[in-house]
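> following is a predicted model, sequence given first.
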Amino acid sequence: MHPSQLMTAPQFPMTDAKQVMAAVIPTKFELRYKEQADGTLKAEEWVEVAKIGVTIPATTPHKIAKIIAGAKKAVDPEDEMAALWRTIEPYYDNWKKGGAADEVINGTPLVTWSGVSKDVVEALRPFNIRSVEDLSMVSDAIMQRVPNPNMALFRERAKKFLATKDIAIAVRDLTNAEQENGELKQRLAALEKRLADANFAREEVEDELAEAVPAVARKRKAKAA
């Protein structure tokens, strides 16, 4: 089996805090072959997932095509299949490209976050808690198993960090929207000025024509006499 078909996922992805995610991580992707009526074998893509925060978790296999089909039919953002596919998709894409598990980066990695020390990062690693998003969602039961007495403090710190991060993103988006609106207003004002200038020029031409036509008529009349 190709190495890309067997991989351990590094963390529970959380690309958008407003989207519902499944509390699982992929532990293995693989191809399974199903015999067809004509005797040929058809390759099917499967994934095994495990609950996040469990050191020796039981795994559950899922046929990827079935997950995708269920996610496409979902109309509720909390739909189980939609949440499951949203969680698995980054890892699946990486697997299809032949990448290793540790190349998948989602959320804010704990190793780059100043809210916890390196020893805390290492203590959380066996529980597959690799990002600030993971830490903010960790259960009390898991915290009791982590060999650090300050886990509740770290979890609260992670929640506050993400809340502040969301506010910063909202402010940035609003600023960008206001900037875009300002640019649109400037463009509209420039167009209105061009239109006004064009109207003024047209009126000048009409006035000149109005003055010229009677003069031409008088001149022709004088020549005829």
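Yep, it's here. Computed from a prediction, not measured in an experiment: that's the story for all the values here.

> which SS class is residue 32?
Assigned with DSSP: H, G, I helix; E, B strand; the rest coil, residue 32 falls in the strand class.

> meant to ask about residue 44, not that
strand.

> can you check residue 148 too?
Assignment for residue 148 (three-state DSSP): coil.

> OK, contacts around it?
Applying Cβ atoms under 8 Å, 6 or more residues apart in numbering, we find residue 148 in contact with 119, 120, 123, 154. To be clear about C-beta, it is placed using only N, CA and C from the backbone, and glycine gets the same treatment.

> give me the element the last one is part of.
For residue 154, the enclosing helix or strand under DSSP states H and E is helix 151-224.

> quick check: mean pLDDT of that helix?
Here helix 151-224 scores 70 as its mean pLDDT.

> equivalent analysis for stretch 114-129, please.
On average, stretch 114-129 scores 86.

> related to what we said a few turns ago, of the contacts of residue 148, just the buried ones, PyMOL syntax please.
Per 16 or more other Cβ atoms under 10 Å, the buried members of the contacts of residue 148 correspond to this PyMOL selection:
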select buried, resi 120+123+154
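
> tell me the one among the contacts of residue 148 nearest to residue 58.
The nearest member of the contacts of residue 148 to residue 58, counting by Cβ to Cβ, is residue 123 at 22.9 Å.

> is it true that the closest one touches residue 145?
No - contact criterion Cβ atoms under 8 Å: residue 123 and residue 145 do not qualify, at 10.0 Å.

> would you turn the contacts of residue 148 into CSV with distance to residue 58?
Formatted as CSV, the contacts of residue 148 follow (distance: Cβ to Cβ, whole Å):
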residue, distance to residue 58
119, 29
120, 27
123, 23
154, 27
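
> which ones among the contacts of residue 148 are found in helices?
Members of those lying in helices (criterion: DSSP state H): 119, 120, 123, 154.

> pull the number of nearby residues for the nearest residue to residue 76 once chain neighbours are set aside.
Nearest residue to residue 76 in three dimensions, chain neighbours excluded: residue 82, at 7.4 Å (Cβ to Cβ, 6 or more residues apart in numbering). Number of residues near residue 82 (other Cβ atoms under 10 Å) recorded here: 22.

> now the one 3 residues further on
The tally of other residues near residue 85 (other Cβ under 10 Å) stands at 21.
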